[in-house]
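> Mind folding the following:
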Amino acid sequence: MMPVSLEETSTDAEEMDSEMAMESPIRQKQKYTIHFPGAVKRSAYRFDGQGNFFNKDWDLSEGQGGEFCWYHVELPRSNQKLAVGAQYLIDVLCPPLKLHDILSLVTSGPFCGNVDGALVFRVNSPGPTVSKFTQRLAARISENTVITVSLGKVPRLGFSPTGQSLLSEIPSVEGPPSHRLYGEKDEESSKQAPESNGIVIREHVLEFLLTMNHSEEADNPVPTRVSNLLVHIVDTHVDHLQDIVTKLEIELDSIELELDKGGYLLKKQTLDDRRFPKMHLNLQRLLQVIAHGEQVFPRVKDKCAQRTWFAREDIGALEVLVGRLRRLKENVGFIVNRVTAIQAGLDSWQAEQINRKLYYLSFLSMIFLPLSIVTGVFGMNVGGVPWTGQKDPTLEDGFHNVLIICAAILFLLLAFFGAVPLYMRLSAWRKRIMGKRIWSSTRKSFPKRGNYSGDTYSGGYLLL
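Numbers count the residues shown, from 1 in each chain. Okay, the predicted model is just below:
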């Protein structure tokens with residue numbers, strides 16, 4: 001056996017260390033390699049607990065001391081399977097999250113529970129991801145870190161620097177349309193125009209702002225603790241649902257106005273497009289989303305009440321949001337009733353149109369049916385047809401024989417289809433006669449009581 005020198009062992013150890021040093025960066029890079037770049041939108045914030053926030057890198061690190069971090073993933077609204085969304089989350093959240101953490105965030109249906117010491121809840125509704133009525137929101141909350149996943153953009157969910165909000169500006173409007181059309185310009189308005197410093201708000205911008213039930217991101221109060229951030233997330237989710245309901249109400253009002261003013265073509269096009277059945281289906285999906293929130297958020301409130309880091313005033317805020325969800329559910333129920341009533345009105349209008357067409361058809365048949373009978377009778381290819389001048393004695397009985405056959409067929413048809421109704425009428429008549437006879441025979445068994453001055457008899461019949 002050859003002795004091993006100290007120099008050889010040191011060189012081998014140095015080679016192994018160098019190989020491990022070369023492999024470790026590669027492994028480290030493989031851990032955080034993004035396989036779907038640009039597939040999802042990511043936002044990362046760091047809050048110092050003093051009312052300030054900062055944008056940070058996507059490193060999924062936890063907050064230190066009084067600081068806490070928030071990481072948000074926005075899944076695209078594309079026609080994709082649920083497994084593809086899970087792959088996107090694995091790509092951006094693993095590590096440090098494990099597979100059961102990903103599954104608890106991406107699975108459809110309501111859920112609220114503890115996963116590895118963190119509070120996890122989701123209100124993911126099933127349905128096509130391209131539909132705006134399919135809403136998904138999931139969150140993983142720990143003492144210093146919040147991770148949320150949403151389907152599509154949720155208005156007012158993020159944070160932006162103050163001073164950039166359009167709602168905080170002084171608005172102004174454009175001149176009347178007549179001035180713009182004819183090129184006329186009022187002298188007084190032209191003199192006052194340079195003095196106004198407001199931002200001109202156009203009509204389409206106002207229509208968009210009227211569908212919003214909340215402020216912009218710049219007006220969001222910066223949370224000072226994790227419980228404030230959780231209330232903000234749930235609040236924006238409820239506001240988003242309220243925006244969808246408001247847009248539905250505005251759309252339904254415009255449709256009702258169009259149907260009142262429109263004529264035959266508009267109503268027929270609305271029925272052919274199945275506009276209201278599709279709207280009814282979307283409302284059912286929205287009701288499912290609200291029902292999931294109504295089921296999950298009270299459980300979130302109860303579980304947060306057991307956490308020491310959750311503020312007590314935020315528990316009351318969660319309870320207020322649950323009450324808003326219940327009122328929103330009632331409002332959606334009213335919209336469903338309106339859609340059902342409008343669809344019923346269109347169905348009755350369609351039935352009326354069909355009945356009117358059938359009336360015209362029956363009127364035409366009433367005119368042409370006798371004519372067709374006459375032409376059929378006198379167009380028979382038999383002998384003996386009157387007023388045709390046929391005098392062959394061998395063919396005189398042909399017309400009469402055909403009439404006898406037709407009469408026999410008519411009698412058989414009437415007997416076949418009229419026997420059952422006739423039998424039912426005769427049976428009902430016999431039952432009425434038998435009932436009268438039984439009643440008359442029963443009355444004979446009640447002898448007339450004589451008049452008695454005492455308290456025992458006072459006239460009438462006495463049962464034997």
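> what's the neighbour count on R432?
Residue neighbour count, defined by other Cβ atoms under 10 Å, stands at 10 for R432. Any C-beta I mention is one placed from the backbone N, CA and C, and that applies to glycine too.
> My reading is that it is in a helix; is that accurate?
Yes. Assigned with DSSP: H, G, I helix; E, B strand; the rest coil, R432 falls within a helix.
> Would you mind measuring from it to Y423?
Distance, R432 to Y423, using Cβ to Cβ, to the nearest Å: 15 Å.
> again with Q288
Counting by Cβ to Cβ - Q288 and Y423 are separated by 54 Å.
> Looking at these two now, which is surrounded by more residues?
Q288 (19 against 10).
> mind listing what the more buried one touches?
Each residue near Q288 by Cβ atoms under 8 Å, 6 or more residues apart in numbering is listed here: 125-126.
> which residues of this protein score low on pLDDT?
Along the chain, segments meeting pLDDT under 70 span 1-33, 161-170, 173-198, 201-219, 388-391, 394, 440-464.
> pull the longest helix from it.
As assigned by DSSP state H, the longest helix anywhere in the chain is helix 312-378.
> Off-centre distance for that helix?
19 Å (Cα atoms, centre = their mean, to the nearest Å).
> what does stretch 232-244 give?
With Cα atoms, centre = their mean, you get 16 Å for stretch 232-244.
> can you dump the C-alpha coordinates of it into CSV?
The C-alpha atoms that make up stretch 232-244 are tabulated as CSV, following Å, rounded to 0.1, in the frame of the first residue of the first chain:
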residue,chain,number,x,y,z
HIS,A,232,-57.2,46.8,3.2
ILE,A,233,-57.0,43.7,1.1
VAL,A,234,-60.5,42.5,2.0
ASP,A,235,-61.8,46.1,1.6
THR,A,236,-60.5,46.4,-2.0
HIS,A,237,-62.0,42.9,-2.8
VAL,A,238,-65.4,44.1,-1.6
ASP,A,239,-65.0,47.4,-3.5
HIS,A,240,-64.1,45.5,-6.7
LEU,A,241,-67.3,43.4,-6.4
GLN,A,242,-69.3,46.6,-5.7
ASP,A,243,-67.8,48.1,-8.9
ILE,A,244,-69.0,45.1,-10.9
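> In PDB, list the C-alpha atoms belonging to stretch 280-290.
Output of stretch 280-290 as PDB, limited to C-alpha atoms (Å, rounded to 0.1, in the frame of the first residue of the first chain):
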ATOM      1  CA  HIS A 280     -78.300  35.800 -15.500                       C
ATOM      2  CA  LEU A 281     -75.400  33.200 -15.700                       C
ATOM      3  CA  ASN A 282     -72.900  35.900 -14.900                       C
ATOM      4  CA  LEU A 283     -75.000  37.100 -11.900                       C
ATOM      5  CA  GLN A 284     -75.000  33.500 -10.600                       C
ATOM      6  CA  ARG A 285     -71.200  33.400 -10.800                       C
ATOM      7  CA  LEU A 286     -71.100  36.700  -8.900                       C
ATOM      8  CA  LEU A 287     -73.400  35.400  -6.300                       C
ATOM      9  CA  GLN A 288     -71.100  32.500  -5.800                       C
ATOM     10  CA  VAL A 289     -68.100  34.800  -5.300                       C
ATOM     11  CA  ILE A 290     -70.100  36.800  -2.700                       C
END
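> For that stretch, list every residue counted as buried.
282-283, 285-290 (16 or more other Cβ atoms under 10 Å).
> Out of those, the closest to A351 would be?
L283 (24.3 Å; Cβ to Cβ).
> How many residues are close by the spatially closest residue to that closest one that is not a sequence neighbour?
Nearest residue to L283 in three dimensions, chain neighbours excluded: V336, at 5.1 Å (Cβ to Cβ, 6 or more residues apart in numbering). The local packing of V336 (other Cβ under 10 Å) involves 16 other residues.
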